[in-house]
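Asks: only geometry, no sequence info:
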C-alpha cells in the first residue's frame, strides 16, 4: 500500500519533467525566431527615421516649413 503513492508521485514528476523539457524546447524555438524579427524591426525603424529626415530636407528645399 505504501508503494502506490510513491509510484504515483514518481509518475507525475516524470510527466512534469517531460512537459518542462517540451516547454524549454519551445522557448528556444521562440527565441530563435524572435531574433531575426527584432533585427528586421530595427532595420525598418532606421529606414523610417531616414525617410523622415529626407522629408524635412525636401520641405526646406521647397520652402514648405510649417508655421509654428
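Replies: Good, I have the coordinates. Just so we're clear, the structure is a prediction, and the values are computed from it rather than from any experiment.
Asks: nearest residue to the middle of this structure?
Replies: residue 34 (4.1 Å; CA atoms, centre = their mean).
Asks: helix or strand: which one has that residue?
Replies: helix 3-61 (DSSP states H and E).
Asks: any idea of the mean pLDDT in that helix?
Replies: Mean per-residue pLDDT for helix 3-61: 89.
Asks: show me how far that helix is from its chain's centre.
Replies: 3 Å (CA atoms, centre = their mean, to the nearest Å).
Asks: for residue 28, what are its contacts?
Replies: Contact analysis of residue 28 by CB atoms under 8 Å, 6 or more residues apart in numbering lists nothing. Heads up, the C-betas are built off the backbone N, CA and C, glycines and all.
Asks: just to revisit the earlier point, how close does the residue nearest to the centre of the chain sit to residue 43?
Replies: Using CB to CB, to the nearest Å, one gets 15 Å for the distance from residue 34 to residue 43.
Asks: one more: residue 13?
Replies: Taken as CB to CB, the span from residue 13 to residue 43 is 46 Å.
Asks: same deal with residue 58?
Replies: 23 Å.
Asks: and what of residue 61?
Replies: From residue 61 to residue 43 the distance is 27 Å (CB to CB).
Asks: also residue 56?
Replies: 21 Å.
Asks: swap in residue 59?
Replies: Taking CB to CB, one finds residue 59 at 25 Å from residue 43.
Asks: and what of residue 27?
Replies: 25 Å.
Asks: cool, and residue 11?
Replies: For residue 11 relative to residue 43 (CB to CB), the value is 50 Å.
Asks: SS state for residue 63?
Replies: What DSSP: H, G, I helix; E, B strand; the rest coil gives for residue 63 is coil.
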